[in-house]
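[1] how would this look folded up:
(chains A and B)
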Amino acid sequence: MGGLQEAVDRIMNHFQKHYHLMLLPGIIFLIVFHLVPLFGVVIAFQDFNIGLGVKKSPWIGLENFKYLFQIRDSKVIFYNTVFISSGKIIAGIIVPVTFAVLLNELRIAAFKRWVQTIVYLPHFLSWVILAGVIIDMLSMDGIVNRLIASFGGEKIMFLASNDWFPWLIIGSDTWKDFGFAAIVYLAALAGIDPTLYEAAEIDGATRFQKIRYITLPGLVPTIILLATLSIGNILNAGFDQIFNLYNPLVYPSGDIIDTYVYRVGLVQAQYGFATAVGLLKSVIGFILIIVSYRLAYQFANYRIF
Amino acid sequence: MVQDRTLSARLWNLFLISLMALIGFSSLAPILHTAAVSLSNTAAAAGGFVTFWPRGFNIESYRKIIDDPHFFNAFWVSTKRVFVGGAINFILTVMMAYPLSRSHREFKSRHYYMWFVLFTMLFSGGMIPLYLVVKYLNMFNTLWALVLPGAVPVFNVILLMNFFRNLPKELSEAGLIDGAGPWFMLARIFVPLSLPALATVTLFSIVGHWNAFFDGLIFMRSVENYPLQTYIQQLVVQLPPEYMDSTNMDLLDKMSDKTLNAAKIMVSMIPILLIYPFLQRYFIHGIMLGSVKE
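    Reported below is the predicted structural model:
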């Protein structure tokens, strides 16, 4: 049999160079558009001037970072980022879980399918489009304020109010994605052993007891896993959404790290400073992701590959 | 299942059905409202009198869109980017997923590639360095700036890689005995067996390309190169003063037109709504795809 093993090994060896060849184009793109920009973060330590380029711009050491820790903006954007993304994470667990549990209680299969199909839809629409719709609906003469006025209430400038804005962001994000997020929970519910319910029925359990003692415990592993993984995303508060919905009036409550980097870097052209902010975010985010993957592996034996 | 016929059970069911109907409606409501506004007359829309049914039904706004060359141009840029970008994504995803799905024994360097790919997924230099790279490559104002930076959708590669790994080993062994090389094996065995997975990742990449607006905003320097989402973002959602030059002044007066804006939003949704039946057939499968591992 040694001859056969040798032949297989020879073929495998011959395959290797084809495997390298298959990976080559993709790796080149990753190098150019991911690795090279990674080296580009050196401009965080420069007083970068786009005319002079990376080579000739003066080095200023940690000046950009020092400045970052001095200004008041940093605290505000960091707080806003963490506040909004924590709100999204919490609502993004509670709402889909509740929805999945209630939908699971329905016994009419066709109606269930209809509801599911409809609630997924907003997930696939862009924030540009949804922001256009939301801004129109929440404007002073929009449908929401007309409704409030017709009940005798005072009209509210939702998108210009720092009290409303973060909640609006959390709410609209939850509205957009709860249906899609519920898929995972519905799959977990489908995996619960039906004999558990039968046994509970024989024991005379009520509907709510069944939810409390069978359905919800059945979801706990999935909830823990997704909550853990979301830790890695805590600095991503949703650039696309906020960028399309905010305006200078709500910067105090709605400006997040990513929108700040965009404005300071690309609009005001302070490339070095903006890169420093972005770099700090990337480093913290990277650490958080590694930690969350570790935890997910420990709690739920989850592996990405 | 034992059917509960008590009064409280019926009330509970009635409550559930109404609640679910209400939730379903709330998911559709903003879209229905926009559709209604786009089909109403301008006065009713501006006054906020339109709810979910058009008032003073007319299709004037859609007629105006047909006469708007900027809109069509942006639609065309987006269409190009979906096809070119989608094709590049597809080819690179398949070509990367296959070697990475081989075991360490079959492909000695797998680990190095895997760590590199994961690292690029988890750690990025951020917005500014990428902006500068694209600038130095002279790709501003070209389609390449929209399709090449995201040429490798790393998440999709990992999804497909996990799918490939779960295909029965006997198939590739049989191919090996019949003398199939790696390219033949990929094209004739792995790709045909992975159509649902491929459909999923392709749909993800198409939707991603269609919905992207930010790269168009920072890499495109003039309105005629904007993809549709960027065009809508700039001229419907907001209009910062620095973009108000003479070339788009003529668009400015249409800005206040609620019905026209609503119609533009509706038209830009059409491609997503068209592929939605396919999307929702495959993506449930897709989201579970990466989750089962040996």
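[2] quick check: domain ranges of chain A?
    A:2-45, A:73-300 (automatic domain parsing).
[3] now stretch A:52-68, how far from the centre of its chain.
    31 Å (C-alpha atoms, centre = their mean, to the nearest Å).
[4] now do it, average pLDDT.
    For stretch A:52-68, mean pLDDT rounds to 89.
[5] list the buried ones in it?
    A:V54, A:S57, A:E63, A:N64, A:F65, A:Y67, A:L68 (16 or more other C-beta atoms under 10 Å in any protein chain shown). To be clear about C-beta, it is placed using only N, CA and C from the backbone, and glycine gets the same treatment.
[6] could you do stretch A:167-186 as well?
    With the criterion 16+ other C-beta under 10 Å, stretch A:167-186 contains buried residues A:168-170, A:172-186.
[7] re earlier: of the domains of chain A, flag the one that's most buried.
    Of all those, domain A:73-300 has the most neighbours on average by mean count of other C-beta atoms under 10 Å in any protein chain shown, namely a mean of 18.
[8] so who does B:I275 touch?
    Going by C-beta atoms under 8 Å, 6 or more residues apart in numbering or on different chains, B:I275 touches B:L203, B:I206, B:V207.
[9] secondary structure element holding it?
    Here B:I275 sits within helix B:258-289, counting by DSSP states H and E.
[10] how far does that helix sit from its chain's centre?
    Centre-to-centre, helix B:258-289 and its host chain are 8 Å apart (C-alpha atoms, centre = their mean).
[11] again, but for stretch A:155-170
    The chain centroid and the centroid of stretch A:155-170 are separated by 21 Å under C-alpha atoms, centre = their mean.
[12] if we look at it, which residues are touching it?
    A:80, A:83-84, A:87-88, A:91, A:135, A:138-140, A:144-145, A:148-149, A:237-238, A:241-242, A:245-247, A:249-250, A:252-254.
[13] ends of that stretch, what's the gap?
    This stretch, stretch A:155-170, spans 21 Å end to end (C-alpha to C-alpha, to the nearest Å).
[14] mind checking pLDDT for A:D141?
    For A:D141, pLDDT reads 79.
[15] that one against B:A46, yeah?
    Yes. In this structure A:D141 lies within contact range of B:A46 using C-beta atoms under 8 Å: 7.4 Å.
[16] could you export stretch A:284-302 as CSV, CA atoms only?
    What follows is stretch A:284-302 as a C-alpha-only set of coordinates in CSV (Å, rounded to 0.1, in the frame of the first residue of the first chain):
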residue,chain,number,x,y,z
ILE,A,284,-9.9,48.7,21.0
GLY,A,285,-12.4,47.0,18.6
PHE,A,286,-9.9,44.3,17.7
ILE,A,287,-9.2,43.5,21.4
LEU,A,288,-13.0,43.4,22.1
ILE,A,289,-13.6,41.0,19.2
ILE,A,290,-10.8,38.7,20.2
VAL,A,291,-12.2,38.7,23.8
SER,A,292,-15.8,38.1,22.6
TYR,A,293,-14.7,35.2,20.4
ARG,A,294,-12.8,33.6,23.3
LEU,A,295,-15.8,34.0,25.6
ALA,A,296,-18.1,32.6,22.9
TYR,A,297,-15.8,29.6,22.5
GLN,A,298,-15.8,29.0,26.2
PHE,A,299,-19.5,29.4,26.8
ALA,A,300,-21.0,28.0,23.6
ASN,A,301,-18.1,26.1,21.9
TYR,A,302,-18.5,28.6,19.0
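[17] residues in contact with that stretch?
    A:221, A:224-225, A:228-236, A:303-304, B:122-123.
[18] which non-adjacent residue is nearest A:A200?
    In space, and not counting its chain neighbours, A:A200 is closest to A:K210: 5.2 Å by C-beta to C-beta, 6 or more residues apart in numbering or on different chains.
[19] what's the distance between the one you found and A:I223?
    Between A:K210 and A:I223 the computed distance is 18 Å (C-beta to C-beta, to the nearest Å).
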